[in-house]
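Asker: Next one to model:
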Amino acid sequence: MIEISRSSCVATGQADYGVGTDHGGSVRNPAAWCGVLGLKPTYGIVDYDGAMPTERTLDHIGVLTRDATDLIAFLEAAAVPGPYAEGYAEEVAGLRAGILTEGFGWPGRSDPRLDDVVRGAARALEKLGLTVSDVSVPLHRYGRDIHLPISIEGGLTTVFESRLQGNNHQGPYHPNFGEAFGEAVAGRPEDIPVGGVLALVGATLLRDATHGKIMAYAQLLRRRLREQVDRALREVDLLVLPSVPMPPHPLPADPREAVIETDLPFEMHDNNCVFNLTGHPALSVPCGFVDGLPVGMLLVGSDSRQ
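Answerer: A predicted model of the protein is given here:
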C-alpha cells in the first residue's frame, strides 16, 4: 500500500520522485499499475543504509519517476559513482532485445491482452534500430518458488531475531533502531500486519521442519538462475517481459482475508522477484493500456560490474 501511494503521487504530479524498497517487485509492481517508471538498480548500487531490511541479499532501494531523465538525476545523486548521464546519451540503434518467453503466459494469472501489448511494444523497439528476438531462461518460471524460502527465512533472522540488524555482515548496525523495533514487537505484537505474521509463522515452521534444507536448496537454485540470466544477456543486451502479468485489480473488501485465503498479494511478483534474486537492474516502463489501465514493460540489463 505504501508503494502504491508513492506511485500514485508521482503519477498525479504531487511528487517528482518516489523512493522505496524493492524486495520482490515492490517498486516495479506499483509503477506498472500506476503508469510511471520504476527502477530497481543493480544490487548494491544504491546504499540500503537507513531502510528497514527484510533479507539483505534481496533488498534494493528503487525509485519511481514520470520521466526517464529524472532517473539519471536520481542515480547521479544516490548511486555509486558511474557515467549514468553519459550512458543515457548513447545511441540505442544496434542493441539486441530479447523477449523472455517464460515471462509471458503464466497459467491462471497472465492476461493475454497484456501479453500482446508488451510483445507489441517490444517489437516496436525495432523502429529504434534494435534487433528483437526470443530468448529463454528456463528457471524463470520457478523464480517465486526460489524467492519464497530465502525471503521468509531471511526475514525471520533479520526482522524478528536480530531486530532489523541482520547478522554476519560488515554493513552498518543501528542499536537504538533495533532496540526500538524490538520493544515495539514485544509490546504490541498485535500490530504486526497479517502478512508479517504469516511470514513469521511459515518461516519458523519451515526452518524447524527442514533445518534450513529447503532454503539451502533455494540458494543453490538461485545461483543457477543467475547463471541462466547471465547467459541470456550474453546473447542479447536487454531482456523484455511484462512487469506484472495482469492489469491492476480492485482492492478486496477485507485485505486480511485476501492475504490468508488467496494468492492476491503475491501473484503480481512472478516476473519481478526473479531479478531480486539475481541482482540485475530492472526498469518498468509504461507501454500501453488494457481496459484503460496502465501496462508496464520490464527491461532487464546486465550487471555492469561484471
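
Asker: how far away is the residue lying farthest from the centre of the chain from Ala180?
Answerer: Among the C-alpha atoms of the chain, the one most distant from their mean position (CA atoms, centre = their mean) is that of Gly187, at 31.8 Å. Distance, Gly187 to Ala180, by CB to CB, to the nearest Å: 11 Å. Any C-beta I mention is one placed from the backbone N, CA and C, and that applies to glycine too.

Asker: now do Ser302
Answerer: Here Ser302 is placed at a distance of 40 Å from Ala180 (CB to CB).

Asker: swap in Tyr43?
Answerer: Taking CB to CB, one finds Tyr43 at 28 Å from Ala180.

Asker: Between these two, which has more neighbouring residues?
Answerer: Ranked by neighbour count (other CB atoms under 10 Å), Tyr43 and Ala180 place Tyr43 first, with 20 against 13.

Asker: Quick check: chain neighbours aside, which residue is closest to the more buried one?
Answerer: Counting by CB to CB, 6 or more residues apart in numbering, Tyr43 lies nearest to Gly279, which is 3.3 Å off, once chain neighbours are set aside.

Asker: which residues in the stretch 151-300 of the chain form strands?
Answerer: Applying DSSP state E, counting those that start in this stretch to the stretch 151-300 of the chain gives strands spanning 238-242, 282-290, 293-300.

Asker: Arg237 touches Arg96, doesn't it?
Answerer: Actually, residue 237 is Asp rather than Arg. Yes. Between Asp237 and Arg96 there is a contact at 4.9 Å, judged by CB atoms under 8 Å.

Asker: For Glu261, report the pLDDT, please.
Answerer: pLDDT recorded at Glu261 is 59.

Asker: Ok, His249 next?
Answerer: Value for His249, per-residue pLDDT: 83.

Asker: count of neighbours near it?
Answerer: When counting by other CB under 10 Å, one arrives at 11 neighbours for His249.

Asker: Also Val117?
Answerer: By other CB under 10 Å, the residues close to Val117 number 20.

Asker: For the stretch 201-306 of the chain, give me the ranges with low pLDDT.
Answerer: Applying pLDDT under 70 to the stretch 201-306 of the chain flags residues 255-265, 306.

Asker: what about the helices in it?
Answerer: For the stretch 201-306 of the chain, the helices defined by DSSP state H, counting those that start in this stretch occupy 213-235, 255-261, 273-278.

Asker: For Thr157, which of the ones you listed is the nearest?
Answerer: The closest of the helices of the stretch 201-306 of the chain to Thr157 is helix 213-235. By CB to CB, the value is 10.2 Å.

Asker: buried ones in that closest one?
Answerer: Ile214, Met215, Ala218, Gln219, Leu221, Arg222, Leu225, Arg226, Gln228, Val229, Ala232, Leu233 (16 or more other CB atoms under 10 Å).

Asker: Among the residues you listed, which one sits closest to Ala85?
Answerer: Leu233 (23.1 Å).

Asker: quick one: average pLDDT of stretch 116-134?
Answerer: The average pLDDT for stretch 116-134 rounds to 97.

Asker: what's the first-to-last distance across that stretch?
Answerer: From its first residue to its last, stretch 116-134 covers 14 Å (CA to CA, to the nearest Å).

Asker: Any idea which residue is closest to the centre of this structure?
Answerer: Relative to the mean C-alpha position of the chain, the nearest C-alpha, by CA atoms, centre = their mean, is the one of Gly25, at 2.5 Å.
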